[in-house]
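K.L.:
okay, sequence plus prediction incoming.
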Amino acid sequence: MLRGALGRHYMAMLESTQNVTLKPTESWREALLDTRVMDLFFTVHRKIREDSDMAQDSLQCLAQLASMHGPVFPDESAQVSYLAHLVEGLLSMINGIEMEDSEAVGISNIISNMISMFPRSVLTALPSDLFTSFINCLTLLTCSFGRSAALEEVLDKDDMVYMEAYDRLLEAWLTLVQDDEHFPRGCFVQSAVQVFNGYIQCHLAAPDGTRNLSSNGVTSTEDEEIHEIQEDDRELFSDQLASIGTLGRVAADHCIPLLTSLLEDRVTRLHGQLQRTQQHLMAASDPATVDRKVLDDLYEDIHWLLLVSGCLLADDPQGETPLIPAEVMEFSISHSTEVDINTTLQIMGSPGEKASSIPGFNRTDTVVRLLSAVLRTSEVESRATRASLTTLLSPQMGKDIVWFLRRWAKTYLLVDEKLYQQVSIPLVTAFGADTEGAQWIVGYLLEKVISNLSVWSSEPELANDTVELLVTLVERRERANMVVQCENWWNLAKQFASRSPPLHLLSSSVQRNLMKALVLGGFAHMDADTKQQYWAEVLHPLQQRFLNLINQENFAQISQETAVRQEITATLEALCGIAEATQIDNVAALFSFLMEFLSSCIGLMEVYRNTPETINLIIEVFVEVAHKQICYLGEVKSMRLYEACLTLLQVYSKNNMGRRRGESTAEEDQYQDLLLIMELLTNLLSKEFIDFSDTDEVFRGQDQGTGTTTRPVSAADVVLYGVNIVLPLMSQDLLKFPSLCNQYYKLITFICEIFPEKIPQLPEELFKSLMFSLELGMTSMSSEVSQLCLEALSPLAEQCAKNQDKESPLFIATRHFLKLVFDMLVLQKHSMEMTVAAGEALYTLVCLHQVEYSELVEALLASQRDAVIYQRLADAFNKLSASSTPPTMDRKQKVAFLKSLEEFVSNVGGLLCVK
């Protein structure tokens, strides 16, 4: 029989969120491993599935059962039996029904939990027929949900249930194929082919695909205006594209040739269509009458083919050394005996020609050929601009091309053979180090960048993506060495330094990134004279123009003139770009250059005190310098930066004294200055835990200076001075702005963690504001903010324990926080992450206030009228207390307490939850 408690108390805890996993204790083993329990939930769902609300609840219960893990299983064989029964029940349920829309997300959650929560060894131990049936079912569901998700987009539905379900199933596939060494070789290939083909088909126009076709096969008429305000597809669908790219690698033999063939076909058709449209335009009296539908369909096809190709060929490295995916390398190696290297290089180096027009084109490396198809797309675009057909082109396609080339270049350009166990000869020959192919591609990409910045300067996103490609070309020294050998690079540097058109028309963020690229290029290998000449052409004009301007006697009078403000803005943006170019081997030179500007920037704070945009940009220069350079600076250099930041804050404080903030309805950009100051303080604090300096090792050979004879300025001085400015201005209305709120709480948590000894020394009003902020963050803000506040409490409690001053305001405040944290853990619903953060805070607070903790427990028990609940709570608290008696600030005891707390929450967490 089912225990009565299962229905009532346990479900109270489970309903808080779909994604909370089920980790019952050993005492639940008999009930939950009884197959009749699971059968009951499947039966209940079949009975009530047509009621969408109840169906979601029953599917959530099944998803919880699918996530079960922990001591409830005595051994692996019990897990295998449980999972086998769960899979059988799921397959039986799915095969016997026509799925309702309301079931899609629930079923995807069940499958996702099964794959993510059960060890690979348990999945592989399933009977082979059952495992095969499960994978086949997952494949069919993924393809079906993908088609339904595409239909939801066409119909512009508000509730995208199939899109959510599709995303969950793709995540499940990602988990499976990334652990494919545990499964029989090639067992996912056919499934990967089907899912990949389905995705491509949904994103291509008819007749090859089904994009924009509604359920009756009629093409949807899209409102193009909607797309103007939507997020870019590569961001919006980044997780989807990453999953599809990974599945494409699993079936590389099918997917890479497919993408190559489709892209070559679309580019050939695009080239022909542009020519035909040009002829129509010349013949038409009214250009508006020319039908662009065929062009638009081709652009959309190319858009998705480029995104999928980019995600298949390379990962987004996120700070790691980017490597060619093993499956792509193996695919290229496995076909290398069939490849003619010279023909491969000829196709790559002939973007103006159709691949099929080159003799022997079928004996080429398909990975290089896919890149060549992208270069061909780029070339068709470039030739159209030279033929004055820019109005017929798609800026989106331009963005996709440079995005792909940037992602590709990071991983493939000058491929380092030492990072791989085996390498493909065609890939290494085409774009390895010291190859003609690599030098040709660098020149071609640089030409593309310069062309784009000239043609597309009025398209900020495309211009920005283009400059990001340029940064990629120079951020690694080996690539930069090739770039600076190109005459085009020097022309670009001179053009930018002289503010020549059209580069001066680029948006400020693009100019900032362009400056970053030019500075990174300057640290490439050059002889001393050449390097000196380069800096003279790139940085010297910036410095001279700035000094000539601000040293004019009438600068204050002319400072608001448009031309002057534009020059100041351009200089400040350039300084941010220079700071962003910081690397460990160039920080010495860049720090010295930037420090000369910082004092002048502080002077500008006075001149532009009533111009918020300029003030914000000045502060941003300091933010970027601190962010990028503080971790490399030794003590002497750090102190120089601290002093500059302190002076900046003093001037800011003086200029803002008595300034009133607007109503809560005002735009967030009014508070950009506060946001930037908090970011600056947080960046300075980061020095305390990210420090790569070695007593100014990177500055060896430079004048170290002797430091000041007065007490040196420390990070604590600057940060606490800054907090004095920020805290009084942070009202509850301001905290309604998410970015401001998160940055504020990140800052005060860092302060509590790094300088807990400074908190009791704060002025009384400031201390009260800080404590109120922590309470507000814990009780009224997002879970992320609440977690930050909980993390701030432990170091404060530890500080009190060191001081042993029971009359101090901090000691009294921590007593109040004990009750808040106690109530949060026992009386409120919260996530597992919150349990850990709250548990750590609770333990340190209990160490400090043991008597008060006992009183809280007694009061809670005394308020219980139900004898069963009273006894369960009493037993749970006794077990919790026994894990650390008496509690002390000892790590071992703390770990034991947290382990017991996890069991405590699991047993009684749902009993007292206030709904």
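P.N.:
Good, I have the coordinates.
K.L.:
pick out the residue nearest the middle of the chain.
P.N.:
Nearest to the centroid of the C-alpha atoms of the chain, with distances taken as C-alpha atoms, centre = their mean, sits residue 318, at 8.6 Å.
K.L.:
SS state for it?
P.N.:
Using DSSP: H, G, I helix; E, B strand; the rest coil, the structure places residue 318 in coil.
K.L.:
and it, what pLDDT?
P.N.:
What the model reports for residue 318 is a pLDDT of 75.
K.L.:
try the one 4 residues further on
P.N.:
Per-residue confidence for residue 322 comes out at a pLDDT of 91.
K.L.:
low pLDDT regions in the stretch 651-800 of the chain?
P.N.:
Low-confidence segments of the stretch 651-800 of the chain (pLDDT under 70): 658-670, 689-711.
K.L.:
try it again with 90
P.N.:
653-672, 685-740, 754-755, 758, 761-766, 769, 779-783 (pLDDT under 90).
K.L.:
for the residue nearest to the centre of the chain, give me phi and psi.
P.N.:
Phi and psi for residue 318, reported as degrees, to the nearest 10, are phi 50, psi 50.
K.L.:
roughly how far apart are it and residue 238?
P.N.:
Distance of residue 318 to residue 238, given as C-beta to C-beta, to the nearest Å: 12 Å. To be clear about C-beta, it is placed using only N, CA and C from the backbone, and glycine gets the same treatment.
K.L.:
same check on residue 332?
P.N.:
Applying C-beta to C-beta, the value for residue 332 to residue 238 is 26 Å.
K.L.:
which one's more surrounded, the two?
P.N.:
Each of residue 332 and residue 238 has its neighbours counted (other C-beta atoms under 10 Å); residue 332 has more, 24 against 14.
K.L.:
OK, contacts around that one?
P.N.:
Contacts for residue 332 (C-beta atoms under 8 Å, 6 or more residues apart in numbering) come out as 365-367, 424, 426-427.
K.L.:
helix or strand for it, which one?
P.N.:
helix 326-334 (DSSP states H and E).
K.L.:
ok, residue 806 next?
P.N.:
If you go by DSSP H and E, residue 806 is not part of any helix or strand.
K.L.:
what values do phi and psi take at it?
P.N.:
phi -80, psi 0.
K.L.:
how many residues are close by it?
P.N.:
By the measure other C-beta under 10 Å, the count of residues near residue 806 is 11.
K.L.:
rewinding a little: mean confidence for the helix holding residue 332?
P.N.:
97.
K.L.:
buried residues in it?
P.N.:
For helix 326-334, the neighbour count (16 or more other C-beta atoms under 10 Å) marks 327-332 as buried.
K.L.:
alpha carbons of it, as CSV, please.
P.N.:
What follows is helix 326-334 as a C-alpha-only set of coordinates in CSV (Å, rounded to 0.1, in the frame of the first residue of the first chain):
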residue,chain,number,x,y,z
ALA,A,326,37.3,15.6,-33.2
GLU,A,327,34.5,14.3,-35.5
VAL,A,328,35.2,16.9,-38.1
MET,A,329,38.9,16.1,-38.0
GLU,A,330,38.2,12.4,-38.2
PHE,A,331,35.8,12.9,-41.2
SER,A,332,38.5,14.9,-43.1
ILE,A,333,41.2,12.3,-42.3
SER,A,334,39.0,9.4,-43.3
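K.L.:
for it, what is the distance to the chain centroid?
P.N.:
Helix 326-334 has its C-alpha centroid displaced from the chain centroid by 28 Å (C-alpha atoms, centre = their mean, to the nearest Å).
K.L.:
moving C-terminal of that helix, what's the next helix or strand?
P.N.:
helix 341-348.
K.L.:
what's the first helix or strand after that next one?
P.N.:
Per DSSP H and E, helix 341-348 leads on to helix 366-386 as the next helix or strand towards the C-terminus.
K.L.:
output the contacting helices and strands for that following helix.
P.N.:
Applying 3 or more C-beta pairs under 8 Å, 6 or more residues apart in numbering; DSSP states H and E, one finds that helix 366-386 makes contact with helix 252-283, helix 293-313, helix 326-334, helix 341-348, helix 395-412, helix 425-431, helix 436-455.
K.L.:
need the contacts of residue 332 in CSV (columns: distance to residue 562, pLDDT and neighbour count).
P.N.:
Output for the contacts of residue 332, formatted as CSV (distance: C-beta to C-beta, whole Å; pLDDT from 0 to 100; neighbours: other C-beta atoms under 10 Å):
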residue, distance to residue 562, pLDDT, neighbour count
365, 55, 96, 29
366, 54, 97, 24
367, 51, 97, 25
424, 56, 96, 25
426, 55, 96, 23
427, 52, 96, 25
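K.L.:
among those residues, which one lies nearest to residue 301?
P.N.:
Residue 301 lies nearest to residue 366 out of those, by C-beta to C-beta, at 19.7 Å.
K.L.:
look up how far residue 329 lies from the closest one.
P.N.:
13 Å.
K.L.:
kindly report the same for residue 656.
P.N.:
The value you get for residue 656 to residue 329, if C-beta to C-beta is used, is 57 Å.
K.L.:
same thing with residue 582?
P.N.:
Distance, residue 582 to residue 329, using C-beta to C-beta: 33 Å.
K.L.:
for residue 104, same thing?
P.N.:
As defined by C-beta to C-beta, residue 104 lies at a distance of 37 Å from residue 329.
K.L.:
same check on residue 815?
P.N.:
61 Å.
K.L.:
now residue 591
P.N.:
Distance, residue 591 to residue 329, using C-beta to C-beta: 40 Å.
K.L.:
equivalent analysis for residue 134, please.
P.N.:
Distance of residue 134 to residue 329, given as C-beta to C-beta: 31 Å.
K.L.:
run a quick neighbour tally on residue 724.
P.N.:
Residue 724: 14 neighbours (other C-beta under 10 Å).
K.L.:
same deal with residue 802?
P.N.:
10.
K.L.:
what's the first helix or strand after the strand or helix carrying it?
P.N.:
If you go by DSSP H and E, residue 802 is part of helix 783-803. Next in sequence after helix 783-803, counting helices and strands by DSSP H and E, comes helix 809-827.
K.L.:
what lies in contact with that next one?
P.N.:
759-760, 764, 767, 771, 774-775, 778-779, 790, 793, 796-797, 799-800, 803, 805, 830, 834-835, 838-839, 841-842, 845-846, 848-849, 852-853, 856, 860, 901, 905, 908, 912-914.
K.L.:
can you check stretch 92-106 too?
P.N.:
Looking at what lies outside stretch 92-106 - C-beta under 8 Å, 6+ apart - the contacts are 42, 45-46, 49-50, 52, 55-56, 58-60, 62-63, 107, 137, 141, 145, 148, 161-162, 164-165, 168.
K.L.:
redo that, cut-off 6 Å
P.N.:
Defining contact as C-beta atoms under 6 Å, 6 or more residues apart in numbering, one finds that stretch 92-106 is touched by 42, 52, 55-56, 59, 161-162, 164-165.
K.L.:
now do stretch 606-621
P.N.:
Under C-beta under 6 Å, 6+ apart, the answer for stretch 606-621 is 556, 559, 572, 575-576, 601, 604-605, 655, 672-673, 676.
K.L.:
now list the buried members of the contacts of helix 809-827.
P.N.:
The neighbour-count test (16+ other C-beta under 10 Å) marks 759-760, 767, 771, 774, 778, 790, 793, 796-797, 799-800, 830, 834-835, 838-839, 841-842, 845-846, 848-849, 852-853, 856, 860, 901, 905, 908, 912-913 as buried among the contacts of helix 809-827.
K.L.:
just the ones in helices from these, please.
P.N.:
Counting by DSSP state H, the part of those found in helices is 767, 771, 774, 778, 790, 793, 796-797, 799-800, 834-835, 838-839, 841-842, 845-846, 848, 852-853, 856, 860, 901, 905, 908.
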